[in-house]
Structure formats: structure tokens, C-alpha cells
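Student: Need a 3D model of the sequence below.
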Amino acid sequence: MSNVAGATTSREEEIAFLALEQVLGVDIKLADAGAGDKKPDGSWVYPDEPKRHGIVEVTSPPATHLMREWARAKKAGRLQTESGRIALRWNELAQVCAEMLAEDWARENLDKLLAHPADERHLFLFSRGHTEGGHYFYRLSDSYDDGSTEHVDDLVLPHGISDVWFRGRAQRDLDRPLGSTKIWLARFQTGLGWRRYVVRIEERQLPSPNPRIADDGVPAGWRSVKCRAIKPADS
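Tutor: Numbers count the residues shown, from 1 in each chain. Prediction:
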């Protein structure tokens, strides 16, 4: 795999990569760099198993309408809001996930992963808001500290897909708005079932927000984003 010289991750890709690195203990390289070559987004090998190769594709359910609304809100100086009623479908989270993974946008990303050799193929999903799956993603990753437990059946993933991740809610440190953010994750792993994690990511590690959505209020050079380009020797 190779990528365009000087290419960097998007903000969502970097959040996904940093989260996976914390959980899996790996170093993820940027595999496609937006070159249109149908490669997965990230690639890694395990430090203790250098011959074991993993790849990941980072994507989300389509949210064109929401993105347009956020852009209009920014231009007009209005607060960006989310609204809409969400069907509860209690104890049907596995069915909701199965329906989502059967949609065309998901199948295209799964097919991209399956088109490349790897020992592990991961699909990392995030949502743009409650109406684009976020409500269900939050419930999948909930730690259920209040004692209530929502049953989630196992998923049946396409042969060759090892893991699907769902990025749930995020909580930023209120006393340090440019400090760290806790992110809740749900992971379904073929053969092992569901696991849930909470990771902490520093804002300084992330690329600037998309300028169409929000302005970046930090000084130039403040951010320190990891270089993930694949060197020729790594290809």
C-alpha cells in the first residue's frame, strides 16, 4: 500500500485511528490518502505478531442533509442543532445494525475491505447526529451504569470481516474545552461477541474541524497530528 506524499487523515479518521491504537496497541498507517485507489483507510501490523496484518475502513451513514444544514447555520451565525424523533426499537439493536450493514453504502465499504488481503478487516462507523444512527450508536456503547441493560444479539458479519466498531457519545472536559475528550465505543468481534470501551483523546492530537462546519480557534502550529504516511519500505 502507498499514499500521496504529505497526505494527512481527516478529523474523523484520526479519531478512529487513535481510538483503535489505544484499544489494539498498534500503530496505524494511512493507506489510501484519498487517492481514489479503492484502498482501505488504515493498515497496521501487531508488534508481537509482525506477520499479522489488519486493515480498517472509516465511514458513516449518509448525512448529506445534516451537513448542508450545519453549513447554512455557520454561514448565518446560528447555533448548529440536531432534532428529530427516533424510533426506540428496544432490544432490537442487533436488527438495526444488520439492516444498516445491508444498505448500499455499507456494502460498498465492506466490499472494499474484502478486496484486500488481511488477517483482520475492521469497519469503523461514526454518525453525524441522532437521526443518522447516533441514537443507536450511543445505546450500543452505553456502559449501563444506571443498572438497566439492553440486550444486544450477536451480529452475522460477511465472511472475512472480523470487527465492526460503533463510535458512541463523546464527553469533553468542561474545564478544558481544548483538552481531552472521552469517547465511548462498541465493538463486535466475530467469534467473541460484543465489547465496550472508553478511550480518551487529546484535542491537540486531532486535525482542525472541517471549515464548512466550525472554525478552528487555536493558534497556528498548536496542533500536533501524528504523521501516518506509509514509507516506501513499509509498502
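Student: just for this protein, where's the confidence low?
Tutor: 1-7, 32-37, 63-75, 78-87, 128-134, 144-148, 177, 211-216, 231-235 (pLDDT under 70).
Student: Try it again at 50.
Tutor: 1-5, 35, 64-67, 70, 80-86, 132, 235 (pLDDT under 50).
Student: Helices of the protein, start to end?
Tutor: In the chain, the helices defined using DSSP state H lie at 11-24, 64-76, 93-101, 104-114, 134-141.
Student: looking at the protein, which residue lies furthest from center?
Tutor: Outermost residue of the chain with respect to the C-alpha centroid, by CA atoms, centre = their mean, is A76; its distance is 29.2 Å.
Student: picking that back up, CSV please, covering the helices of the chain and showing distance to I183.
Tutor: (Glycine included, C-beta is placed from N, CA and C.) Shown next, in CSV, are the helices of the chain (distance: least, CB to CB, whole Å):
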stretch, distance to I183
helix 11-24, 6
helix 64-76, 20
helix 93-101, 19
helix 104-114, 21
helix 134-141, 9
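Student: just to revisit the earlier point, any idea how far the residue farthest from the centre of the chain lies from D104?
Tutor: Plainly put, A76 is 33 Å away from D104 if you go by CB to CB, to the nearest Å.
Student: Then S141?
Tutor: S141 sits 25 Å away from D104, going by CB to CB.
Student: Compare these two and say which is more crowded by neighbours.
Tutor: The neighbour count for S141 versus D104, taken as other CB atoms under 10 Å, is higher for S141 (21 against 8).
Student: Mean neighbour count, the helices of the chain: which tops it?
Tutor: Ranked by mean neighbour count, those are led by helix 134-141 with a mean of 22 (mean count of other CB atoms under 10 Å).
Student: Counting by contacts, list what it packs against.
Tutor: helix 93-101, strand 163-172, strand 180-189 (3 or more CB pairs under 8 Å, 6 or more residues apart in numbering; DSSP states H and E).
Student: For the second one, buried residues please.
Tutor: This points to strand 163-172. Within strand 163-172, the residues scored as buried using 16 or more other CB atoms under 10 Å are 163-168.
Student: Quick one: residues contacting R172.
Tutor: Taking CB atoms under 8 Å, 6 or more residues apart in numbering, we find R172 in contact with 179-182.
Student: Which members of these are the farthest-apart pair?
Tutor: G179 and K182 (10.7 Å; CB to CB).
Student: how about the helices and strands packed on helix 134-141, which one is nearest S208?
Tutor: strand 180-189 (15.0 Å).
Student: Centre of the chain to that closest one, how far?
Tutor: 9 Å (CA atoms, centre = their mean, to the nearest Å).
Student: Ok, stretch 162-174 next?
Tutor: With CA atoms, centre = their mean, you get 8 Å for stretch 162-174.
Student: about what we covered before: for the contacts of R172, give me a markdown table that also has neighbour count and distance to K226.
Tutor: Putting the contacts of R172 into a markdown table (neighbours: other CB atoms under 10 Å; distance: CB to CB, whole Å) gives the following:
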| residue | neighbour count | distance to K226 |
| --- | --- | --- |
| G179 | 13 | 18 |
| S180 | 16 | 16 |
| T181 | 18 | 16 |
| K182 | 13 | 20 |
